[in-house]
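[1] whatever this is, show me its structure:
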Amino acid sequence: MKFTLTQTDPLSRARAGTMETAHGVIHTPVFMPVGTQGTVKGTNQRDLAHDVKAQIILGNTYHLYLRPGTKVIRGAGGLHRFIGWERPMLTDSGGYQVFSLSDIRKLREEGAEFRSHHDGSKHIFTPESVVDIQRVIGADIVMAFDECTPYPATRDYARNSMDMTHRWLDRGLKRFRETQPEYGYEQSFFPIVQGSVYSDMRLASAEKIASAGCEGNAIGGLAVGEPAEEMYRIIELVNTVLPNDRPRYLMGVGTPVNILEAIALGVDMFDCVMPTRNGRNGGLFTRNGMINIKNEKWKFDYSPIEEGGASYVDEMYSKAYLRHLIYAKEILGAQIATLHNLAFYLWLTGEARRHILEGDFLPWKERMVKQLSQKL
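    Residues are numbered from 1 along each chain as shown. You can find the predicted model right below:
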């Protein structure tokens with residue numbers, strides 16, 4: 001993978017760049033729709049590519065390992081071919097999923113032992129096995145196995161968690177460098193900064209991650225319950241250490257406002273389930289603020305979902321009709337809301353890039369944050 005930094009905003013740390021991968025070029029800043037099990041819920045690959053205009057999507061190692069399994073994925077020639085997606089792809093290592101299964105997993109130096117949430121069968125993820133699984137999946141970008149430190153965490157817990165993440169990184173990176181891609185194209189390996197909300201630990205972790213010399217770096221362990229201002233403080237701190245000539249990926253974040261604030265702090269890549277999850281439950285993001293389509297006020301509103309919106313569904317369907325579909329629990333309602341939200345997120349990061357290139361990102365960002373924070 002080749003990352004080229006095209007421009008930096010003169011009034012903030014916002015950056016515009018390009019990432020060249022085996023499956024295409026990615027223009028940053030970029031939002032990556034989450035396709036946990038080989039599908040972005042509520043949409044299909046054609047709409048993702050042509051309506052949403054997704055440049056890259058995610059798969060999840062934990063879920064894909066359990067179902068359909070590596071034999072099925074390898075038999076298809078990798079996840080790209082299995083799901084019919086020709087553009088770039090990133091796979092999470094499964095560390096966050098193991099973190100979320102705290103009642104059915106055990107952490108030890110070797111790795112994380114857990115029971116499948118499907119059938120209770122026992123499994124273990126190690127830094128090495130997670131690399132092997134991601135080789136089989138075949139994503140363009142693969143993530144190091146880490147422990148996502150919970151919030152709040154004591155200094156001792158955060159320190160022990162971070163140190164283990166660093167030891168796991170050494171093992172995972174060694175395995176990655178000793179092995180070859182399975183499908184004839186290169187993959188890139190991203191390590192993950194941890195350290196909870198403790199400044200000294202975050203700086204130490206960022207230095208460790210930067211010293212690994214990987215093609216990109218990620219910031220993990222945020223958006224797990226800490227206040228937004230703490231998250232922004234940590235991002236700003238970490239980005240003073242992470243190298244400027246490598247892409248920076250903020251994992252699992254977040255709201256449109258979170259994304260704009262993080263772009264201003266020098267982040268390039270984002271993912272979050274919020275646009276799809278909120279959409280299925282009637283929550284819509286628009287450039288003028290947030291809509292709960294279930295509210296009574298939309299029952300007789302026959303205006304478009306969003307005039308001049310980023311998706312074809314925005315002008316095609318009315319708020320009243322979408323409200324009816326969501327209340328009736330019709331699948332089409334979830335599909336429309338999902339397409340709208342994903343297209344909006346991709347529009348937002350695309351507009352951020354445009355304003356960085358034009359040199360007026362910061363005043364645009366400040367106007368947008370006010371608009372996006374409104375409830376309509």
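[2] from here on, contacts and neighbour counts on C-alpha atoms
    Will do.
[3] what is the rounded mean pLDDT of whichever helix or strand residue 277 is part of?
    Assigned by DSSP states H and E, residue 277 belongs to helix 274-280. Here helix 274-280 scores 98 as its mean pLDDT.
[4] by mean pLDDT, flag the weakest helix or strand of the chain.
    The helix or strand of the chain with the poorest confidence is helix 95-100; it has a mean of 73 (mean pLDDT, DSSP states H and E).
[5] what's the first helix or strand after that one?
    Toward the C-terminus from helix 95-100 - assigned by DSSP H and E - lies strand 105-108.
[6] how about that next one: buried residues?
    Judged by neighbour count using 16 or more other C-alpha atoms under 10 Å, the buried positions of strand 105-108 are 105, 107.
[7] quickly run through the sheet partners of it, with directions.
    Strand partners for strand 105-108, identified by DSSP bridges, are recorded as strand 111-115 (antiparallel).
[8] show me what the helix or strand following the strand it pairs with is packed against.
    Moving toward the C-terminus from strand 111-115, the next helix or strand (DSSP H and E) is strand 122-125. Judged by 3 or more C-alpha pairs under 8 Å, 6 or more residues apart in numbering; DSSP states H and E, the packing partners of strand 122-125 are strand 111-115.
[9] chain center to the strand it packs on: distance?
    Distance of strand 111-115 from its chain centroid, counting by C-alpha atoms, centre = their mean, to the nearest Å, is 23 Å.
[10] go ahead and produce CSV holding the CA coordinates of that strand.
    Output of strand 111-115 as CSV, limited to C-alpha atoms (Å, rounded to 0.1, in the frame of the first residue of the first chain):
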residue,chain,number,x,y,z
GLY,A,111,-4.2,-15.1,23.5
ALA,A,112,-7.9,-14.9,24.1
GLU,A,113,-9.9,-18.0,24.8
PHE,A,114,-13.6,-17.7,24.1
ARG,A,115,-16.8,-19.6,23.4
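[11] who's in contact with it?
    With contacts defined as C-alpha atoms under 8 Å, 6 or more residues apart in numbering, strand 111-115 is touched by 98, 101, 104-107, 121-127.
[12] dihedrals phi and psi, the closest residue to residue 223 other than its chain neighbours?
    The shortest distance from residue 223 to any non-neighbouring residue, by C-alpha to C-alpha, 6 or more residues apart in numbering, is to residue 253 (6.3 Å). Comment: the main-chain dihedrals of residue 253 come out as phi -120, psi 130, following degrees, to the nearest 10.
[13] ok, residue 253 - contacts?
    Shown in contact with residue 253 (C-alpha under 8 Å, 6+ apart): 222, 223, 259, 270, 271, 272.
[14] and what of residue 316?
    Neighbouring residues of residue 316 by C-alpha under 8 Å, 6+ apart: residue 304.
[15] hmm, residue 79 is touching residue 71, no?
    No: with contact defined as C-alpha atoms under 8 Å, residue 79 does not reach residue 71; the gap is 11.2 Å.
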